[in-house]
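Student: Everything below, folded, please.
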Amino acid sequence: MTEETLEQQEKICTADQAGERLDVFVTRQEPDLTRSHVQKLCAAGAVTVDGKVRKGSWKLTPGEQVAYAVPAPQALEIQAEDIPLNILYEDEDIIVVNKARGMVVHPAAGVTSGTLVNALLYHCKDLSGINGVIRPGIVHRLDKDTSGVMVCAKNDRAHIDLAEQIRTKAAHRVYNAIVYGNIIEEDGIIKGDIGRHPTDRKKMAIVREHGKPAVTHFHVLERFGQYTFVECRLETGRTHQIRVHMTSIGHSLVNDPKYGPRRMVGKSPFAIKGQALHSRTLTLTHPRTHEVMTFEAKLPEDMEKILRALRSKRK
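Tutor: Next comes the predicted model:
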């Protein structure tokens, strides 16, 4: 690896990170790196604390500066593509779309076309550049197989404003999901810090250490014995939050390939690709007019078909 392919990073240990192992600290800063990879970097002397090489087991104290080098993101040539978009609202600052299930939000390694960004580049003359050439305009994300409302920024001013609304929870998101099992409670709150799964880096999990606080509110809309149709409201926006939280209480999402029951993988009785999860509404304050706006995307046909089948069976 040449020097040109490395990107130097410098992070300061905060008071709430005191006592954290060096390898754990760096792994939390760089989710794309595994802990074993970070440990190898430490062993190779590529990670320093206040300018001194330290082992991965080094316990950090507040104020210490951690420096390390990671591979710089490769520049991708992102092409505009004439992909149909379901646009719910658009003006000079924002564009709100109903993302289809199966559409990746932005290009990444191995995926350079067919994404929402490719479609936005074709449709919009301008997009905010805060997230760089790979993720222009992307303020928040939905999983590939989660459908529903997303807002994208057309300029940096709108991007900064919207990102702050999401960070401070001023923007509200409500999801619909169909889960396995019969949820007895009408309403509930799920709390559990979410972080990388300790053994599977491609998954998230509720963890005791080094996770980020996450809170999900759920409300039962309909019960079908072996299945429940729920509404979920997020207080936080962690990766895979609803999928992880609902699984933690024994009610994983129907057809979830990552968190659902292993016995059901590839054997779902319903014709749906990916988890039965839909971003139903998004409420935000317009970055220019300051008007409070709510956008809604109707439940997609694949989830409606599941509900029709369940209702028919119930009758």
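
Student: going forward, measure contacts between C-alpha atoms and count neighbours the same way
Tutor: Will do.

Student: which secondary element of the protein has the worst mean pLDDT?
Tutor: Within the chain, no helix or strand scores below strand 6-12, which has a mean of 81 by mean pLDDT, DSSP states H and E.

Student: Counting by contacts, list what the next helix or strand after that one packs against.
Tutor: Beyond strand 6-12 in the direction of the C-terminus, DSSP states H and E gives the next helix or strand as helix 22-29. With contacts defined as 3 or more Cα pairs under 8 Å, 6 or more residues apart in numbering; DSSP states H and E, helix 22-29 has these neighbours: helix 35-43.

Student: which residues are contacting the helix it packs on?
Tutor: Contacts with helix 35-43, where a contact means Cα atoms under 8 Å, 6 or more residues apart in numbering, come from 23-24, 26-27, 47-48, 53-56.

Student: which residues of the chain score low on pLDDT?
Tutor: Confidence mapping of the chain against pLDDT under 70 gives the ranges 1-7, 31-32, 71-77, 109, 130-134, 263-269, 315.

Student: where exactly do the helices run in it?
Tutor: With DSSP state H, the ranges of helices along the chain come out as 22-29, 35-43, 116-123, 156-167, 241-248, 301-314.

Student: And the longest one, how far out from the chain middle?
Tutor: From the chain centre to the centre of helix 301-314 is a distance of 27 Å (Cα atoms, centre = their mean, to the nearest Å).

Student: Check the offset of stretch 276-284 from the chain's centre.
Tutor: Average the C-alpha atoms of stretch 276-284, do the same for its chain, and the two points are 13 Å apart (Cα atoms, centre = their mean).

Student: Check stretch 240-256 too.
Tutor: Going by Cα atoms, centre = their mean, where stretch 240-256 is centred and where its chain is centred differ by 14 Å.

Student: Flag every buried residue along that stretch.
Tutor: 240-248, 251-256 (16 or more other Cα atoms under 10 Å).

Student: measure it end to end?
Tutor: 11 Å (Cα to Cα, to the nearest Å).

Student: ok, residues contacting it?
Tutor: So stretch 240-256 is in contact with 143, 177-181, 183, 190-192, 194, 204-206, 214, 216, 232, 259-261, 264-266, 268, 272-277, going by Cα under 8 Å, 6+ apart.

Student: With stretch 173-188 instead?
Tutor: Where contact means Cα under 8 Å, 6+ apart, the residues beyond stretch 173-188 that reach it are 217-220, 223-234, 246, 250-254, 276-283, 299.

Student: buried set for it?
Tutor: Within stretch 173-188, the residues that qualify as buried by neighbour count (16+ other Cα under 10 Å) are 173-183.

Student: thinking again about what came up before, of all the contacts of helix 35-43, which comes closest to residue 122?
Tutor: Of all the contacts of helix 35-43, the one with the least separation from residue 122 (Cα to Cα) is residue 27, at 36.2 Å.
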